[in-house]
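Q: 3D, please:
(2 chains)
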2 protein chains.
Amino acid sequence: MLNVVIIGIGNVGTHLSRVLQKSEEVNIIQYFNRSPIEEKELGKRIGSNETKKFTCDWRALKEADIYLLAVRDDVIEPTIKALPFQHKIVAHTSGSVRLSGNVHQKNAVFYPLQTFSKERLVNFKEIPICLETSDKKVYLQLEKMALSISKKVFNINSLQRRQLHLSAVFVCNFVNHFYFIGNELCKNNHIDPSILEALIKETASKITELSPYEAQTGPALRGDKKTLNKHLQMLEEQPQFEALYKLISNSIETTYS
Amino acid sequence: MLNVVIIGIGNVGTHLSRVLQKSEEVNIIQYFNRSPIEEKELGKRIGSNETKKFTCDWRALKEADIYLLAVRDDVIEPTIKALPFQHKIVAHTSGSVRLSGNVHQKNAVFYPLQTFSKERLVNFKEIPICLETSDKKVYLQLEKMALSISKKVFNINSLQRRQLHLSAVFVCNFVNHFYFIGNELCKNNHIDPSILEALIKETASKITELSPYEAQTGPALRGDKKTLNKHLQMLEEQPQFEALYKLISNSIETTYS
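A: Numbering: from 1, shown residues only, chains lettered A, B, ... in the order given. Presented below is the predicted three-dimensional model:
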């Protein structure tokens, strides 16, 4: 069993806490968060049996095999530096921060490639976990932990990971913004936005069978100027959406020209 | 039983042909396509038992209750005009063309809100079908046909439909383009793009529980300038993607400011 301390009980920390509690390879010995969290709220987040393992007192931090850092990007290095124990596996969970060069710890990355919302449970078994470390033994321990919660574990270096994170911004954050725009257009015209759900799900499912390049459809792909102009006209009073429509249609046309 | 002729055996026509063959309310008496389709290819598209019902000879067009037009937007009106029978239900399947004003026919719209690819079967039961017609009796007949293949049938007028079609461009066509960009970024860095699949599916599933407004995550939402700048720098040599990154991040920031 690996003794683990989870540092940071925000969004990612909450989801990792929940799933690692069920892991047969991991014993979570402590939860740390910089600011206190009310017991009831903490119970809701990570499961009530575990709340007594919580501390927000850095001096009370326990010695463990692995420190899992689910903190903001800019706090990662200061947190590693402040750790009161040495030669420990310290794994951060960020997509865009490179492997630490801290000489006192066994630096690692444990990056789950997923979008987390506090309110929604996810199926960890399907979530790719991207591991990085320069030490082979450390890798095997992280892999053990990762495989105990997910079927998909990858060795991904810092350069690849930041590209993955950038990809994720496109296929998740930007995509969700377009779901928002679609919903707005519906609501503005007294249409229940849930009418879009089947289309959204099919668009996402399609790419397991067809590459996105092959799966592309729509007026920009067809070079259907009449529809493109009609749409731009409809968006005239929403310049923010109009500019997006124009630029993305151009990007699709460029891709297929 | 409604006697139906399907005009246009392209993408949408193929899918409608397949599903309407199984409908208990519909008898497809003929398939028409302007250009000939080889029997083997036609069999693959619509199911081989039905190929003998095919014609590409306009003069051989049969008399039916409903003519379902799955043709290009700009061919809809000329096709309606050329129909050799009068006072028939003539329903087009386009999202962006308004209800015809042709005085010789019972004009209607039968618009399935979905993305169709020839290679991929879809579950019609979940696909919203948007109906429009100015005649109540005609509506009931179309509704019968629609409910025989889908659970989700809506009365949507021309104004709403073109807004829906515009929404669909955002949540389907543009979203798919972002899947393409995500895949490209992976491939350029020797990462198997299938690693993105779980994220893509969760992003799409999330919105049945959370509104896209609530579901938004990422650096633009957090106002995380450091990550935003890092990403823009990474895209410096792909100005097409860089411009998209900038504009969409701005749009997210504007939405939440």
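
Q: Please name every helix or strand in contact with the helix or strand hosting A:Asn229.
A: Element membership for A:Asn229 (DSSP states H and E) is helix A:225-234. Contacting helix A:225-234 under the criterion 3 or more C-beta pairs under 8 Å, 6 or more residues apart in numbering or on different chains; DSSP states H and E are the following elements: helix A:219-222, helix A:239-256, helix B:158-168. Just so you know, the C-beta spots here come from the backbone N, C-alpha and C atoms, and that holds for glycine as well.

Q: Minimum distance to A:Val153: which of these has it?
A: Nearest of those to A:Val153, taken as C-beta to C-beta: helix A:239-256 at 32.5 Å.

Q: for the record, mean pLDDT for the closest one?
A: Confidence over helix A:239-256, taken as the mean pLDDT, stands at 97.

Q: Same check on stretch A:97-107?
A: Across stretch A:97-107, the per-residue pLDDT values average to 96.

Q: can you check stretch A:209-217 too?
A: Throughout stretch A:209-217, pLDDT has a mean value of 94.

Q: buried ones in that stretch?
A: Buried positions in stretch A:209-217, judged by neighbour count with 16 or more other C-beta atoms under 10 Å in any protein chain shown: A:212, A:215-217.

Q: which among the residues you listed are in contact with chain B?
A: Contacts with chain B within the buried residues of stretch A:209-217, counted by C-beta under 8 Å from any C-beta of the partner chain: A:212, A:215-217.

Q: Just send those back as a markdown table, with secondary structure too.
A: Output for those, formatted as a markdown table (DSSP: H, G, I helix; E, B strand; the rest coil):
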| residue | secondary structure |
| --- | --- |
| A:Pro212 | helix |
| A:Ala215 | helix |
| A:Gln216 | coil |
| A:Thr217 | coil |
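
Q: Which of those residues sits closest to chain B?
A: Within those, the smallest distance to chain B is 3.9 Å, found for A:Pro212 (C-beta to the nearest C-beta).

Q: Surely that closest one touches B:Asn176?
A: Yes. Using C-beta atoms under 8 Å, A:Pro212 and B:Asn176 qualify as a contacting pair, with a distance of 5.4 Å.

Q: ok, the closest residue to A:Val71 other than its chain neighbours to chain B distance?
A: Nearest in space to A:Val71, with sequence neighbours left out and distances taken as C-beta to C-beta, 6 or more residues apart in numbering or on different chains, is A:Gly8 at 4.0 Å. Plainly put, A:Gly8 is 15 Å away from chain B if you go by C-beta to the nearest C-beta, to the nearest Å.

Q: Count the neighbours of A:Gly8 for me.
A: 24 (other C-beta atoms under 10 Å in any protein chain shown).

Q: Phi first, then psi, for it.
A: Backbone geometry at A:Gly8, expressed as degrees, to the nearest 10, gives phi 100, psi 110.

Q: That one: what's it in contact with?
A: Neighbouring residues of A:Gly8 by C-beta atoms under 8 Å, 6 or more residues apart in numbering or on different chains: A:32-34, A:69-72.

Q: which residue sits closest to A:Phe32 in space, ignoring its chain neighbours?
A: A:Ile7 (4.7 Å).

Q: quick revisit: Throw the helices and strands packed on helix A:225-234 into JSON lines and include distance to A:His231 and mean neighbour count, thanks.
A: As requested, those are exported to JSON lines (distance: least, C-beta to C-beta, whole Å; neighbours: other C-beta atoms under 10 Å in any protein chain shown):
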{"stretch": "helix A:219-222", "distance to A:His231": "7", "mean neighbour count": "20"}
{"stretch": "helix A:239-256", "distance to A:His231": "6", "mean neighbour count": "17"}
{"stretch": "helix B:158-168", "distance to A:His231": "5", "mean neighbour count": "22"}
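
Q: I'd like to know how many residues surround the closest residue to A:Ile127 other than its chain neighbours.
A: What sits nearest to A:Ile127 in space, not counting adjacent residues and going by C-beta to C-beta, 6+ apart, is A:Gln114, at 4.6 Å. Taking other C-beta under 10 Å as the criterion, the count of residues near A:Gln114 is 21.

Q: Quick check: A:Ser17 touching A:Val26?
A: No. At 10.5 Å, A:Ser17 and A:Val26 do not qualify as touching, with contact defined as C-beta under 8 Å.

Q: Serialize the helices and strands packed on helix A:225-234 to CSV and add fields for distance to A:Thr208.
A: What follows is those, written out as CSV (distance: least, C-beta to C-beta, whole Å):
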stretch, distance to A:Thr208
helix A:219-222, 20
helix A:239-256, 21
helix B:158-168, 21
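
Q: What does the pLDDT read for the closest residue to A:Ile248 other than its chain neighbours?
A: Beyond its immediate neighbours in the sequence, the residue positioned closest to A:Ile248 (C-beta to C-beta, 6+ apart) is B:Phe174, lying 4.9 Å away. Reading off the per-residue confidence, B:Phe174 sits at a pLDDT of 98.

Q: now A:Ile29
A: At A:Ile29 the predicted local confidence, pLDDT, stands at 97.

Q: Is the closest residue to it other than its chain neighbours part of a helix or strand, or is it coil?
A: With sequence-adjacent residues excluded and distances taken as C-beta to C-beta, 6+ apart, A:Ile29 is closest to A:Asn3, at 5.0 Å. Using three-state DSSP, the structure places A:Asn3 in strand.

Q: who touches the helix or strand bottoming out on mean pLDDT in chain A?
A: Across the helices and strands of chain A, the lowest-confidence element by mean pLDDT, DSSP states H and E is helix A:39-46, at a mean of 91. Contacts made with helix A:39-46 from outside it, assessed by C-beta under 8 Å, 6+ apart, are listed as A:9, A:14, A:17-18, A:21, A:31, A:37, A:51, A:54, A:118.

Q: Just name the closest of the residues you listed to chain B, please.
A: Checking the contacts of helix A:39-46 against chain B with C-beta to the nearest C-beta, the nearest one is A:Lys118 at 10.1 Å.

Q: what sits against the closest one?
A: A:Lys118 makes contact with A:11, A:14, A:45, according to C-beta under 8 Å, 6+ apart.

Q: I'd say the residue nearest to A:Ile248 and A:Gly182 touch.
A: No. With contacts counted by C-beta under 8 Å, B:Phe174 stays clear of A:Gly182, the gap being 9.2 Å.

Q: Where does the stretch 51-200 of chain A get nearest to chain B, which residue?
A: Taking C-beta to the nearest C-beta, the stretch 51-200 of chain A has A:Asn173 as its residue nearest chain B, at 3.2 Å.

Q: Quick check: the gap between the closest residue to that residue other than its chain neighbours and A:Gln160.
A: Ranked by C-beta to C-beta, 6+ apart and with sequence neighbours excluded, the top spatial neighbour of A:Asn173 is B:Gly218, at 3.2 Å. Between B:Gly218 and A:Gln160 the computed distance is 19 Å (C-beta to C-beta, to the nearest Å).

Q: for A:Glu237, same thing?
A: Here A:Glu237 is placed at a distance of 43 Å from A:Gln160 (C-beta to C-beta).

Q: Equivalent analysis for A:Ile37, please.
A: As defined by C-beta to C-beta, A:Ile37 lies at a distance of 34 Å from A:Gln160.
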